[in-house]
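S.K.: Make a model of this:
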Amino acid sequence: MKKLIIILVLAVVLFNSCKKQVGPTTDTIATMARDNLYGLMQDWYYWYKYLPANITVTDYKDPYTLLDALRYKTLDRWSFVDDYNAFVANMNGSFVGHGIRIGLDTQGKARIVTIYKNSPLYTNGAGGPGVRRGWIIKTLNGSNLAPILASGDATAYNNLIGASTAGITNTFVFTTPRGNDTTALTTKKSFAVNSVMLYDTLTLKTGKTGHLVFDEFIDPSVQELQTAFAFFKAQGVKDLVLDLRYNNGGILDVATQLAGYISGKPTTSIFIKSSYNDKKAAANDTTINFESMANPLSLSRLVVITTRETASASEEVINGLKPYLTVTTIGDTTNGKPTGMNVWQYDYTYIFAPITFELVNSAGQGDFYAGFVPSKYVPDDITRDFNDKSELCFKEAIYFLENGTVSTKGAYIYKPSVQYSEKPSRMNNAYIFNKSFFKR
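M.R.: Predicted coordinates:
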């Protein structure tokens, strides 16, 4: 087993599981990978003591089914096996689809929740500059999409919109914010995603404030964050609203950089610490320090917009910054993932990503399996774009910055929006990657 690097789902360590096999059949590779995973879980899995005592490995046809049988379901919602090529493509920002997330608002209308800038709908929406968050989807291929979302029938939704394959064409009828209906014929394609969905500034009575909507911690994020924070610094930003409502993780190194931009802390300061199982005592208490970034803001406070999808690397940014500045969250309770994973590849066919460690901040605070509870519950207002000051979460964040406390008005009974995303669920993790992992 050749060690490649540490990655983390908030701290994952990368390894090359074994030498590339030559010649075996697909079934043979699956069973060999299954056996390899079993040994790995006994050695590295954080909860290895809770592995089933009496399990017959040969009862399982591949590593996917074996992991499901082994996973410590009391706490572990995250360990996964994945296709190697799909995983690496995802980490590199490669995407196939329309580039949209669709949700159901409180009035039962289907709407665009997010859209990537390289989506054909973003720049070539019918009759205008392009589709944006908040647009109503009246029909999809002639069908009313809202009842399907309301029913939670993922199969019906997937059958209607089609597979994540380039060349599949769908017809959308949108209702624009002006109330006009417009038809868009759009074809799924492969493109690079943007992880920074939006960055801008606004002038509040407390001064110039930055606003960053950040979708996932992936390799292209490094340049995108560099651009955003250079802009913030040039604008003299004194406060920041960090919108992580759909950000469920990614590369730990990127999370460390984001924390460095926000805090401006020196490289001698601890960001987070990891601890492994008792078989891996030599790896315990590994510290990850802040990175020194150009154009840091050196903030004393931060407001973060969160939902149940705010997970892993996103939560580590929140937790890792808490000992150094006042962090206030608005929205919903976060996912609750104070753990990280080592990542292994097998035969350039499979990715193994079991939970291998827990994470705490420099003050020893962690164990947030119940998530971080917001200072105020505020619904995800998908009827408005992210930078609309009337959008409920953004509005509450602004109120907090200007008043130093959450508003007393509008006590919400929180009900999460039903949403479907084209983004793979594997991203509910945090990794520490060595760049060589993406190369053969």
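S.K.: What lies in contact with stretch 216-233?
M.R.: By C-beta atoms under 8 Å, 6 or more residues apart in numbering, the surrounding residues in contact with stretch 216-233 are 90-93, 192-196, 199, 201, 210, 212, 214, 240, 247-252, 254-255, 257-258, 261, 293-297, 313-314, 423, 427, 430, 433, 438. No exception for glycine: its C-beta is placed from N, CA and C like everyone else's.
S.K.: try stretch 90-100
M.R.: 112-116, 118-122, 131, 161, 164-166, 170, 186, 188-193, 195, 218-220, 250-251, 422-424, 426-427, 431, 433, 438.
S.K.: Where do the domain boundaries of the protein fall?
M.R.: When the chain is parsed with automatic domain parsing, its domains come out as 96-192, 196-438.
S.K.: Which of those has the highest mean neighbour count?
M.R.: domain 196-438 (a mean of 20; mean count of other C-beta atoms under 10 Å).
S.K.: Could you list the low-confidence segments of the stretch 51-200 of the chain?
M.R.: Flagging of the stretch 51-200 of the chain using pLDDT under 70 yields the residue ranges 124-129.
S.K.: How much space separates the residue positioned nearest the centre of the chain from residue 336?
M.R.: Residue closest to the average C-alpha location in the chain (C-alpha atoms, centre = their mean): residue 248, at 2.4 Å. Shown here: residue 248 relative to residue 336, a distance of 12 Å by C-beta to C-beta, to the nearest Å.
S.K.: Overlap of the contact sets of those two?
M.R.: residue 311.
S.K.: Residue 239 against residue 210, yeah?
M.R.: Yes. Counting by C-beta atoms under 8 Å, residue 210 is a contact partner of residue 239 at 7.1 Å.
S.K.: On the three-state scheme, the residue lying closest to residue 205 once chain neighbours are set aside is what?
M.R.: Leaving out its chain neighbours, the residue that sits closest to residue 205 by C-beta to C-beta, 6 or more residues apart in numbering is residue 402, at 5.4 Å. Here residue 402 is helix, with the state taken from DSSP: H, G, I helix; E, B strand; the rest coil.
S.K.: could you check the distance from residue 402 over to residue 172?
M.R.: 38 Å.
S.K.: likewise residue 187?
M.R.: Taking C-beta to C-beta, one finds residue 187 at 12 Å from residue 172.
S.K.: Each with direction, which strands does the one helix or strand residue 102 maps to pair with?
M.R.: Using DSSP states H and E, residue 102 sits in strand 100-104. Strand pairing for strand 100-104, using DSSP bridges, gives strand 110-115 (antiparallel), strand 418-421 (antiparallel).
S.K.: and these as CSV, adding distance to residue 288?
M.R.: Below are the strands paired with strand 100-104 laid out as CSV (distance: least, C-beta to C-beta, whole Å):
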stretch, distance to residue 288
strand 110-115, 29
strand 418-421, 29
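S.K.: out of those, nearest to residue 84?
M.R.: Residue 84 sits nearest to strand 418-421 of all the strands paired with strand 100-104, at 22.1 Å, using C-beta to C-beta.
S.K.: how far is the closest one from where the chain is centred?
M.R.: 14 Å (C-alpha atoms, centre = their mean, to the nearest Å).
S.K.: what does that strand contact?
M.R.: 101-104, 113-114, 149-150, 152, 154, 157, 246, 382.
S.K.: helix/strand/coil for residue 359?
M.R.: Quick answer, by three-state DSSP: residue 359 is strand.
S.K.: That one bridge partners, please.
M.R.: In this structure, residue 359 bridges to residue 274 when assessed by DSSP bridges.
S.K.: I'd guessed it sits against residue 339; true?
M.R.: Yes. Between residue 359 and residue 339 a contact is recorded at 6.6 Å, counting by C-beta under 8 Å.
S.K.: now the helices for the stretch 1-150 of the chain?
M.R.: 26-44, 63-70, 84-91, 120-123, 145-151 (DSSP state H, counting those that start in this stretch).
S.K.: Per-residue pLDDT of the closest residue to residue 244 other than its chain neighbours, please?
M.R.: Among residues not flanking residue 244 along the chain, residue 314 sits closest, at 4.4 Å (C-beta to C-beta, 6+ apart). In this model, residue 314 is scored at 96, pLDDT.
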